[in-house]
Every structure is written in structure tokens, then in C-alpha cells.
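# Return atomic coordinates for the entry below.
(one chain, ligands or ions: 2)
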Amino acid sequence: MDILVVGGGGREHAIIKKLRENAGVDRIYALPGNGGIAMDAECFPIKATDIEGIKAFAKEYRPDYAVVAPDDPLVMGCVDELTNIGIPCFGPKAAAAVIEGSKVFSKNLMKKYGIPTARYHTFDNISDALYYLESSPIPTVIKADGLALGKGVVIAETREDAVAAVRSMMEDHKFGESGDRIVIEEFLEGPEVSVLAFTDGKTIVPMISSMDHKRAGDGDTGLNTGGMGTVAPNPYYTDEAAARCMEEIFVPTMRAMNAEGRTFKGCLYFGLMITEKGPKVIEYNCRFGDPEAQVVLPLLDTDLLTIMQAVTEERLAEVDVKWKDGSACCVIAASDGYPVSYEKGYEIDIPEDVLPHVYVAGAVEEEGRLLTSGGRVLGVTAVEPTLAEAIEASYDMLDRIDFANKYYRADIGQRALKAVR
Ligand code: AMP
Ligand code: GLY
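Numbering: from 1, shown residues only. Ligands and ions are numbered 1, 2, ... in the order given. Below is the predicted model:
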């Protein structure tokens, strides 16, 4: 069985390592992969957004199955294209990926089907948006409609900041067309929980919960990043919250997408906030989170390929998805200066015994050496009986990984630990 994986970050490395646990898997092709993924898959320099290139590759190499992991190719219809040439795929088609591709779509979906989320208004005209802001509650949250590399959300603490955010999106086109329409919504408070779920449109199976750490600095300070670390399970996600989410959010979202003629098959990511009034949706993503995948997949006790194929074939109900006991912690090592500017090209040294726990995000291979090439360089995940042990073990491993300008947050998991005690 040969598998094509589209993408080239830490999340894709985690997916590939998990797929490798299935003895029936022969070749794994990664497009484009990266220098670290090259240890576990054959990498080809075709960008994840080069849909024509991916299609041509698939026609030539004829993989038996494909996994499309990042948001852009999903929104661009990569799964539609691969399915059309007869390659079964894991991931939503473009019509369903719009749940992440357009915040206006997802907010309107939630409103129409009564799925709890922040109150909001949408605008496609700057003067209306600015007029609304004159009397809106503050703080408020401004979101660009389309994909914006995770940077299209501004929490405005003052009216001036809110106006500046609207101007940068709608007037200066900071996010290009993604900011032609915007959502302005109610500011919510409470612990955040990420829940990824397998769904084939008939059944929805939530995975173990997790917690991301999006800000660059300790104590949740500094700029937003792609994610500096994760823990799973998330102790704020109580059994009661889980039951409410299943009933009020997960199942209704699956049914809503069916009712819209946009059946979602793949991994649906629920970014949730557990507010005083119950769980609410902050955002949907049409894919595995990064670095959520790096803690959730190591805890998965059922064969990943078996689950993925069941999703594709719409028989997820037949699979018993099991989880390991214990907790996982993933700490991201970045290049100092991320997410603004940083140097790259430094050699990475990873001890042999640490390697199985490492998910490489931004590195290239040159003459047998692994060199830094990105902001987020790698993540290291430990699975241990308790959260405290997982945190300690992942930092111990991270200490033994060496590269120049290594930067990481020192407090991954600390907030979760408070909820455990
Ligand atoms: P996103 O890029 O959609 O993941 O949003 C980035 C972050 O902004 C989220 O993880 C939340 O921490 C925060 N956020 C988004 N929407 C809201 C909201 N309505 N209220 C409070 N915080 C929010
Ligand atoms: N870690 C957040 C995301 O993948 O969007």
C-alpha cells in the first residue's frame, strides 16, 4: 500500500509517523515534505498549493491512498481533483472545506443551525464596519473572512485598535482578498480547548482534547504564532463539557453541513471556548491542527490508516477508535525571532533515542546534515502517565536537541497543570 501525503510541516510528520505503524504501508510520498520528514517518507519538491503538480504526480506514481493535510490545498479542491482521477483521499472536498475557508460562511452556518458561538456582524463595506464600531462593545474581535495564515484575527482592547484593524484589512488589504469581507464579533472569555474529530458525514468521533499555546512568549504574551506547544488531554475539557459539545456542537455541525449539501469527510477541528454560559465555537478548521496533531496522534491506540479509510468509505461507525491512557506534551523549538524575522541554515543535532519523538517542521537536508529552514523548526512530544511527567520528559528531550538560535516557550502545559491540581 503506497500513500501520498500532501504537506510539509510537523503535523504531516506526525501523520506520516503514525501511518508507518501500519505494517501494510509500503511507500509514503510527501509533497513537499521536508528534511526531517525525509527520514520517514520520500519527499518531492511539489508545493502543497500546486494542485496541478500534485495531480500530475499522483497520475504518475498512482498511490493507493492520499491524505491532504493543510488548509490551502483543501480549500483549493485538492481532494476533489485526486478523487476525480480515482485516488481515494482523506480530507474534505472544497465545498466542505469552506467551513475554514470563509469565516462569514461558518458564522452564518452556526447562526442558521443554532450552534453556540460569539454574537457577530459581517461587513463587506468599510464605512458600515466603522459606523458599527462607534457604538460596539469593547473589547471586540475582528476577523478577516478568508485564510490568513492564522493571523487574520485581532482582539481589539480599544476602539482605536478596532478601527485600525478594520482599516488594515479592508483599506490596506493586509490579507489581500481575505479581508474584503470581515466579521466583527463578541469577545468571549474562558479556557480554550481544541477538539479534532473524525467524521464521514454519518458518524462523528471526537479525538482526545488538546490545548494549544498560540502566543510567542511565556505567560501567553507576545505575538500570535502557528502554535508553540500543545498538551493532551486538556483538563479544562470535563466530561460535562464533552457531553454538551457532542450534543450542541459536534453532531449539529455535521448535520448542518449535510443539510447544506456540503457533507464534511475528514478531520473537523473545533476551536472551542468553555464560557460561563457553556461551550462555544471560536473557529472551525477543516484539518488536523498543528501542533495539536503532534499530541493527539501519539495517544491514538487504533490504526490511523484504518480509521482514515473508513472515513473515506463512509463506514466510520464500524471502527472502534481507542485512546491510550496518559498525557502528551509537545514543545516547539523555533528559530529565535519567530514569528517576525529569524536566521536559518544552522545544523540541527538530535540524539538517536530522541528522534522517534521528534516532528520536524522547518528543516532541510543537505549532504546528510539537517539544517534549520523555518520559524518553527521542530516539536518534541513525550507521552507519560501524567501531564506533569509528560511536560518534564518533553523538555528533557528538547534540552538534548541542539541548534543555533533555538527558542522555545518554557511554560508549555503550566496552565493545564493548574487545572489538574
Ligand atoms: P483563530 O486565528 O481563529 O484561531 O483565532 C486566534 C485566537 O483568537 C483564538 O485562539 C482565540 O484565542 C482568539 N479569539 C478568536 N475569537 C475570539 C472571541 N470571539 N473571543 C475571544 N477570543 C477570541
Ligand atoms: N494550532 C492551531 C491550528 O492548527 O490552526
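# Could you identify the helix or strand that succeeds the lowest-mean-pLDDT helix or strand in the chain?
None of the helices or strands of the chain scores lower by mean pLDDT, DSSP states H and E than strand 221-224, at a mean of 88. For strand 221-224, the following helix or strand on the C-terminal side (DSSP states H and E) is strand 229-232.
# Just the residues contacting that following strand, thanks.
Residues from elsewhere that reach strand 229-232 (CB atoms under 8 Å, 6 or more residues apart in numbering): 194, 208-213, 289, 291-292, 294-296, 299, 327-332, 379, 387, 390-391, 408-409, 412-413, 416. C-beta coordinates here come from the backbone N, C-alpha and C atoms, glycine included.
# Stretch 143-160 too?
Here stretch 143-160 makes contact (CB under 8 Å, 6+ apart) with 71-72, 75, 100-104, 122, 133-134, 138-142, 161-162, 164-165, 169, 174-185, 187, 214, 224-226.
# Restricted to buried residues, select those in PyMOL.
The following PyMOL command selects only the buried members of those, with burial defined by 16 or more other CB atoms under 10 Å:
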select buried, resi 71+72+75+100+101+102+103+104+122+133+140+141+142+161+162+165+169+174+175+178+179+180+181+182+183+184+185+214+225+226
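# Among the contacts of stretch 143-160, which ones are in helices?
Secondary structure defined by DSSP state H assigns 71-72, 75, 100-101, 103-104, 133, 161-162, 164-165, 169 of the contacts of stretch 143-160 to helices.
# Let me know the pLDDT of the residue in the chain positioned nearest to ligand 2.
Closest to ligand 2 within the chain is Gly289: 3.5 Å, counting by CB to the nearest ligand atom. pLDDT for Gly289: 97.
# quick one: low-confidence ranges for the chain?
Along the chain, segments meeting pLDDT under 70 span 150, 421.
# Spell out which parts of it neighbour ligand 2.
Within reach of ligand 2 by CB under 6 Å from any ligand atom, the chain has these residues: Gly150, Asp212, Gly227, Asn285, Gly289, Asp290, Glu292.
# Including distance to ligand 1, could the residues you listed go into CSV?
Formatted as CSV, those follow (distance: CB to the nearest ligand atom, whole Å):
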residue, distance to ligand 1
Gly150, 5
Asp212, 7
Gly227, 10
Asn285, 8
Gly289, 9
Asp290, 12
Glu292, 11
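# quick one: which of those residues is nearest Tyr338?
Distance to Tyr338 across these (CB to CB) is lowest for Gly227, with 11.4 Å.
# what sits against the closest one?
Shown in contact with Gly227 (CB under 8 Å, 6+ apart): Asp212, His213, Lys214, Gly289, Asp290, Pro291, Glu292, Ile332, Arg376.
# which one among those residues gets closest to Lys47?
Using CB to CB, Asp290 is the member of these that sits closest to Lys47, with 16.8 Å.
# How many neighbouring residues does Glu367 have?
Residues near Glu367, counting by other CB atoms under 10 Å, number 5.
# all strands in the stretch 301-421 of the chain, in order from the N-terminus.
Secondary structure of the stretch 301-421 of the chain by DSSP state E, counting those that start in this stretch: the strands cover 327-335, 358-360, 363-366, 369-372, 376-384, 406-407.
# so can I have JSON lines of those strands showing mean neighbour count and distance to ligand 1?
What follows is these, written out as JSON lines (neighbours: other CB atoms under 10 Å; distance: least, CB to the nearest ligand atom, whole Å):
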{"stretch": "strand 327-335", "mean neighbour count": "28", "distance to ligand 1": "16"}
{"stretch": "strand 358-360", "mean neighbour count": "27", "distance to ligand 1": "20"}
{"stretch": "strand 363-366", "mean neighbour count": "18", "distance to ligand 1": "25"}
{"stretch": "strand 369-372", "mean neighbour count": "20", "distance to ligand 1": "25"}
{"stretch": "strand 376-384", "mean neighbour count": "26", "distance to ligand 1": "16"}
{"stretch": "strand 406-407", "mean neighbour count": "18", "distance to ligand 1": "21"}
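# Including distance to Asn108, could the ones you listed go into JSON lines?
What follows is those, written out as JSON lines (distance: least, CB to CB, whole Å):
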{"stretch": "strand 327-335", "distance to Asn108": "34"}
{"stretch": "strand 358-360", "distance to Asn108": "35"}
{"stretch": "strand 363-366", "distance to Asn108": "40"}
{"stretch": "strand 369-372", "distance to Asn108": "42"}
{"stretch": "strand 376-384", "distance to Asn108": "33"}
{"stretch": "strand 406-407", "distance to Asn108": "40"}
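# To Lys59, which of those lies closest?
Counting by CB to CB, Lys59 lies closest to strand 363-366 out of the strands of the stretch 301-421 of the chain; the figure is 26.8 Å.
# ok, and what's touching the closest one?
Counting by CB under 8 Å, 6+ apart, Asn34, Gly35, Gly36, Ala38, Ile348, Leu370, Leu371, Thr372, Ser373, Gly374, Val377, Leu378 sit against strand 363-366.
# Return the closest of the contacts of Gly227 with respect to Ile54.
Asp290 (19.2 Å).
# so how many other residues sit close to the closest residue to that closest one other than its chain neighbours?
Using CB to CB, 6 or more residues apart in numbering and skipping the chain neighbours, the partner closest in space to Asp290 is Arg11 (3.6 Å). Arg11: 25 surrounding residues under other CB under 10 Å.
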